[in-house]
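1. here's my sequence, what's the structure:
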Amino acid sequence: MNKVYGTAAEALDGLLHDDMLIAAGGFGLCGIPELLLQAIKDSGVKDLTFASNNAGVDDFGIGILLQSRQVKKMMSSYVGENAEFMRQYLSGELELEFNPQGTLAERMRAGGAGIPGFYTKTGVGTQVAEGKEHKDFDGETYILERGIFADLSIVKAWKADTTGNCIFRKTARNFNPPAAMCGKICVMEVEEIVEPGELDPDHIHLPGIYVHRLIQGEHEKRIEQRTTRAA
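-> Reported below is the predicted structural model:
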């Protein structure tokens, strides 16, 4: 089966519809599937729910879909770099489901492993625990968190072979593997595609069985917060 497509739009063809849940990889602006996000915006689908560590910035990442009012709900850990996100949330235009960062990653990983729910101590006694089942284990209280089963996963890797086996670089490895695992369909964009056998099996972070469609492209790689000092 050929997994390699020419463009982001071609790779998403037939997969998008209104009201879908999309799991998006990346950490801040590092390792985000920017080409696929632009193609989703161009498609015009709306009322989307995104499970993502963050919402990008105002004009990049998921932020471009917030600007175009195509997102109705975010399931996120950190949203502090996006003024439009804040405006929509405070005005009641956008629904927000806050997740502790580790809990969100585990919800994605659990979904990819076919686990519908798990108990964690994180969030007990806070607003995160409101409305959730509580259970005691060995004298400690835990809350039930549900696994995330997304309609579509969009992720970015550094390098992949044509079967989808891939390698992430450094911080870009955060959230991309669990996001890739939890979708019914996973579409991945990479910087370089190589032939099977060219990647060291011991270096592969995500096996190709999770990846259904693949594109290669040029990436902007913005820096979210540039901090410098005098030499």
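
2. ranges for the helices of the chain?
-> When assigned using DSSP state H, the helices of the chain occupy the ranges 8-12, 34-43, 63-67, 83-90, 101-112, 176-181.

3. show me which positions of the last one end up buried.
-> Okay, so that is helix 176-181. Judged by neighbour count using 16 or more other C-beta atoms under 10 Å, the buried positions of helix 176-181 are Asn176, Pro177, Pro178, Ala179, Ala180, Met181. The way it works is simple: take the backbone N, C-alpha and C, and place the C-beta from them, glycine included.

4. hmm, back to that, mean pLDDT lowest where, among the helices of the chain?
-> Mean pLDDT is lowest for helix 83-90 among those, at a mean of 90.

5. let's see the lowest-mean-pLDDT helix or strand in the chain as CSV, backbone CA atoms only.
-> Every helix and strand of the chain was ranked by mean pLDDT, DSSP states H and E. The lowest is helix 83-90, at a mean of 90. Output of helix 83-90 as CSV, limited to C-alpha atoms (Å, rounded to 0.1, in the frame of the first residue of the first chain):
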residue,chain,number,x,y,z
ALA,A,83,-4.5,36.2,22.3
GLU,A,84,-7.3,35.1,20.0
PHE,A,85,-7.7,31.9,22.0
MET,A,86,-8.1,34.0,25.1
ARG,A,87,-10.5,36.4,23.5
GLN,A,88,-12.8,33.6,22.2
TYR,A,89,-12.7,31.6,25.5
LEU,A,90,-13.5,34.6,27.7
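
6. so what does it touch, helix or strand wise?
-> Here helix 83-90 touches helix 63-67, going by 3 or more C-beta pairs under 8 Å, 6 or more residues apart in numbering; DSSP states H and E.

7. helices or strands up against the helix it packs on?
-> Helix 63-67 packs on helix 34-43, helix 83-90, going by 3+ C-beta pairs under 8 Å, 6+ apart.

8. could you identify which of these is most buried?
-> Among the helices and strands packed on helix 63-67, helix 34-43 has the highest mean neighbour count (mean count of other C-beta atoms under 10 Å), at a mean of 21.

9. among the helices of the chain, which is nearest Tyr119?
-> Nearest to Tyr119 among the helices of the chain is helix 101-112; the distance by C-beta to C-beta comes to 10.8 Å.

10. what sits up against that closest one?
-> Outside helix 101-112, the residues within contact range by C-beta atoms under 8 Å, 6 or more residues apart in numbering are 23, 51, 53, 75-78, 99, 116-118, 120, 122-123, 128, 145-150, 174-175, 177-182, 210.
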